[in-house]
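1. Got a predicted structure plus its sequence, pasted below:
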Amino acid sequence: MKTFKTDNVIVRRFQMRDAEQLNLLLYNNSNVAAEFNNDANVEDEMENLKKTKLVIKSAINEYYTDEPVWAVENKWSKKIIGYIRVCNYSVKNKMCNISWVVSNEYWDDSFMKDALTKIFNFLFSKKNIELIECSYYQQDNNSNMVLDKIGMTKEAVLRDRRVNEKTHKKENFVIYSISKDEFFNSENYKLSANRRIKYLKRKI
């Protein structure tokens, strides 16, 4: 499986050297990773890093399966700013679900949109996928901005359907989707393809 590059990000396989950066991404904005000022918190930090290393080992092993996980790296700072995961892959229905995590400071940038566009292009072009779904808790208001920019369609809002692992409360669950034809005919894909053509011309 190849590495994907845009003007601002590199989407690639995880490596064990990414553990500390991914650990910050996963825990930096939670109570778990507050200031470590005592022995108990130091123990928490070490335990979190251990869990993160297990996550990366799993991601590395799953990379060549039908449900891979990609690291999203800032092309300029070389820092991990998020990741993208394929899940619920169905050979019979020719569809899958995409989930992702991105650092808070990059929500307003096009970094994750560009990364997801690359992955969608790969799944529709190289895999036997005809429909991609994305779903999120409605409280996660920023997700819809990214999905709208990619050209996805909101299909449903499931009211009080699931318990959010972060808040431990029942919340509305929002479902977006995009078909293969819709993706390749979207303005987002056409703009991305045009940027790629211009880049290749500069290289010649």
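-> Done, it's in.
2. Go ahead and confirm residue 138 touches residue 175.
-> No: the criterion here is Cβ atoms under 8 Å, and residue 138 misses it with residue 175 at 10.7 Å. Using the backbone N, CA and C atoms, a C-beta is placed for each residue, glycine as well.
3. list the residues that contact both of the two?
-> Common contacts of residue 138 and residue 175 (Cβ atoms under 8 Å, 6 or more residues apart in numbering): residue 157.
4. For residue 162, grab the count of nearby residues.
-> Burial of residue 162, expressed as a neighbour count using other Cβ atoms under 10 Å, amounts to 13.
5. pLDDT weak spots in this protein?
-> Counting by pLDDT under 70, the chain shows low-confidence ranges at 29-43, 141, 193-204.
6. Which element, helix or strand, includes residue 176?
-> Here residue 176 sits within strand 170-179, counting by DSSP states H and E.
7. Tell me the helices and strands packed up against that strand.
-> Under the contact criterion of 3 or more Cβ pairs under 8 Å, 6 or more residues apart in numbering; DSSP states H and E, strand 170-179 touches strand 131-137, helix 143-150, strand 153-163.
8. Quick check: neighbours of it in the sheet, parallel or antiparallel?
-> strand 131-137 (antiparallel), strand 153-163 (antiparallel) (DSSP bridges).
9. ok, then the element right after that strand?
-> Immediately after strand 170-179, counting by DSSP H and E, sits helix 180-184.
10. pull the CA atoms of that following helix into PDB?
-> Output of helix 180-184 as PDB, limited to C-alpha atoms (Å, rounded to 0.1, in the frame of the first residue of the first chain):
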ATOM      1  CA  LYS A 180     -18.300   6.300  -6.000                       C
ATOM      2  CA  ASP A 181     -20.000   8.300  -8.800                       C
ATOM      3  CA  GLU A 182     -20.800  11.200  -6.500                       C
ATOM      4  CA  PHE A 183     -17.200  11.300  -5.300                       C
ATOM      5  CA  PHE A 184     -15.600  11.400  -8.800                       C
END
